[in-house]
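S.K.: below are the sequence and a predicted model for it; my questions follow.
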Amino acid sequence: METSLAAEPLLCLAVTITSEHKVEPVLQNVVQGLAAQPGVALARIWLLPSGDLCGAGHSPTNSPGQADFLHLVASAGTPVNSPGEDWSSLRGHFSRVPLNSGKVGQVAGSRNPILIKDFAPHDEWILRPEWAERESICSFAGHPLIFRDNLLGVLGVFSRRPLAEREFTWLGLFANQAAVAIANARAFEEVERLRRQLEGEKEYLQEQVQQGFEFGEILGKSRALQEVLRQIQMVAPTNSTVLIGGESGTGKELVARSIHDLSQRHERALITVNCASIPRELFDSEFFGHVKGAFTGALRDRIGRFQLADKGTLFLDEVGEIPFELQSKLLRVLQEGTLERVGEDHVRHVDVRVVAATNRELFEDVEAGRFREDLYYRLCVFPLRMPPLRDRSEDIRLLAEHFALLASQRLKIPHARLTDSAIELLTAYAWPGNIRELQNVIERAVIVSQGGPLRVDVVLGPCGKKLHSAAVSASVFSREEMERRDEQNILKALERAQGKIYGADGAAAILGMKPTTLTSRMKKMKLGKS
């Protein structure tokens, strides 16, 4: 009589599976190869959960104690008297098997193989006796899948012919090879996943380098800014979600970067998403990724921003711009830490810290029904608010000098000097565009000044209408006061130039006037060169 399991076919099958670098083909080759052997009715593999469930492409429902169950990940067989049944299905009564329960659970719990040569005298081993009788199943062989003393799962074979001890031994040797192949394929897939993630991070960081960072670094000594920096130091080491509020251009992205750099996730990437720039129809693809062919134009697999930020930080800029009907999808990922790529039914787990920012009053949007209340409270675990530049007037000189130096270096223009009069103008301005506007104004002034004193008065122009009323009233002086201030300004310039009037580093150049004009004013004020 022809045996069910012969050594030579099992050896060929072992060679086939060891050459695979993906888990799913390994599993399918094992069960399909065994099911093709004479007398074998059904071959199945159950695995313990590991990461994305061994990459098998099937995800059980998350529940407490999931690690105490074996999960069916591969099945193949040929029904004879059960028309319509699909023995490759991974759903049903035996899709999850508790450890130490039934013959498969006992194989896993004890790590010892089980051979049932004949079910007839052992009815307690059959949970579905009518199925076994209908399909003429008489034998079962179960072997634990163990790799380096770690239990991976169980390989089970149901046969229509009695299995001999020799066949059981051959199947055990094959199970050892199958465990090695599964473990190796997992390792290959993990290496490939990390490679793709690193490539994605590299592409993203290259884009960031090309675009350049908006402000360079957080600068300032004002009390308002120091309070923000104190809060950053408190929340950064935690994994709490942070919601950064403040007007546009105040430097919210720099705050997010500081939180990431001071956190335990600083070795991984900070991924930034501008929520206002994502079209509705691309929301899922941008955040969660998609697989090739998921929709028209999906020519290759794409890793979403959440998966790209795994073990790192995701910065959601302008989070208030996410359409209301899409906010529930974001809430699910934040609450459960799971996502599905577009076109894929495989649930993936991500470990991402979220830092969000908005220039809107989100709570007002919640009250108006434009923003989900549950998402608001999920984001607003630790609120931070960046002060506007008009509340940081003492920081303007430091910021202006920093931007002037950066602009001169980038534009390859001699460094422009900031005068006291320029600082007065900058301080009096209301700065509706905040730090971003200050940077642009200083860059224009550097271009106009061409290495001389910074001509802020020229680039501000009609924007002077936006000066603070308090600053305007404080800038109105009597004639005597103006003369006194002018004299003090000239004396400061002479002191800085060490008494030198002419030349690029002379007092006249510092004041932005001709040397002859300065000499004339000094004579009129009766100021000696000494």
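M.R.: Cool, got the structure. Residues are numbered from 1 along each chain as shown.
S.K.: skip the chain neighbours and tell me the closest residue to the residue nearest the centre of the chain.
M.R.: Geometric centre of the chain, nearest residue: A309, 2.0 Å, by CA atoms, centre = their mean. Leaving aside its sequence neighbours, A309 sits nearest to I271 (CB to CB, 6 or more residues apart in numbering; 4.0 Å). Using the backbone N, CA and C atoms, a C-beta is placed for each residue, glycine as well.
S.K.: checking my notes, that neighbour in a strand, right?
M.R.: Yes - residue state for I271 (DSSP: H, G, I helix; E, B strand; the rest coil) corresponds to a strand.
S.K.: that one and L308 touch, don't they?
M.R.: Yes - at 5.2 Å, I271 counts as touching L308 under the criterion of CB atoms under 8 Å.
S.K.: circling back to that earlier point, show me the beta-bridge partners of the residue nearest to A309.
M.R.: Beta-bridge pairing for I271 (DSSP bridges): L314.
S.K.: packing partners of the top helix by length along the chain?
M.R.: Ranked by residue count and defined by DSSP state H, the top helix of the chain is helix 165-211. Applying 3 or more CB pairs under 8 Å, 6 or more residues apart in numbering; DSSP states H and E, one finds that helix 165-211 contacts helix 7-18, helix 23-35, strand 139-147, strand 150-159, strand 270-274, strand 302-303, helix 305-308.
S.K.: and of those, who's closest to S449?
M.R.: Closest of the helices and strands packed on helix 165-211 to S449 is strand 270-274, at 33.2 Å (criterion: CB to CB).
S.K.: mind listing what's buried in the closest one?
M.R.: 270-273 (16 or more other CB atoms under 10 Å).
S.K.: what does it contact?
M.R.: The contact list for strand 270-274 (CB atoms under 8 Å, 6 or more residues apart in numbering) reads 201, 204, 208, 253, 256-257, 260, 286-287, 305, 308-309, 312-318.
S.K.: now do it and helix 165-211, the angle between them.
M.R.: For strand 270-274 against helix 165-211, the angle by axes from the mean of the first three to the mean of the last three CA atoms, to 10 degrees is 60 degrees.
S.K.: report the rounded mean pLDDT for strand 270-274.
M.R.: Mean pLDDT, taken over the full extent of strand 270-274, equals 91.
S.K.: do the same with stretch 175-189
M.R.: Stretch 175-189 shows a mean pLDDT of 90.
S.K.: chain center to it, what's the gap?
M.R.: Mean-position distance between stretch 175-189 and its chain equals 30 Å (CA atoms, centre = their mean, to the nearest Å).
S.K.: can you give me the buried ones in that stretch?
M.R.: Buried positions in stretch 175-189, judged by neighbour count with 16+ other CB under 10 Å: 175-186, 189.
S.K.: ok, stretch 290-302 next?
M.R.: Result for stretch 290-302 [16+ other CB under 10 Å]: buried residues 290, 294, 302.
S.K.: identify the residues contacting that stretch?
M.R.: Outside stretch 290-302, the residues that reach it (CB under 8 Å, 6+ apart) are 284-285, 289, 304, 341-344.
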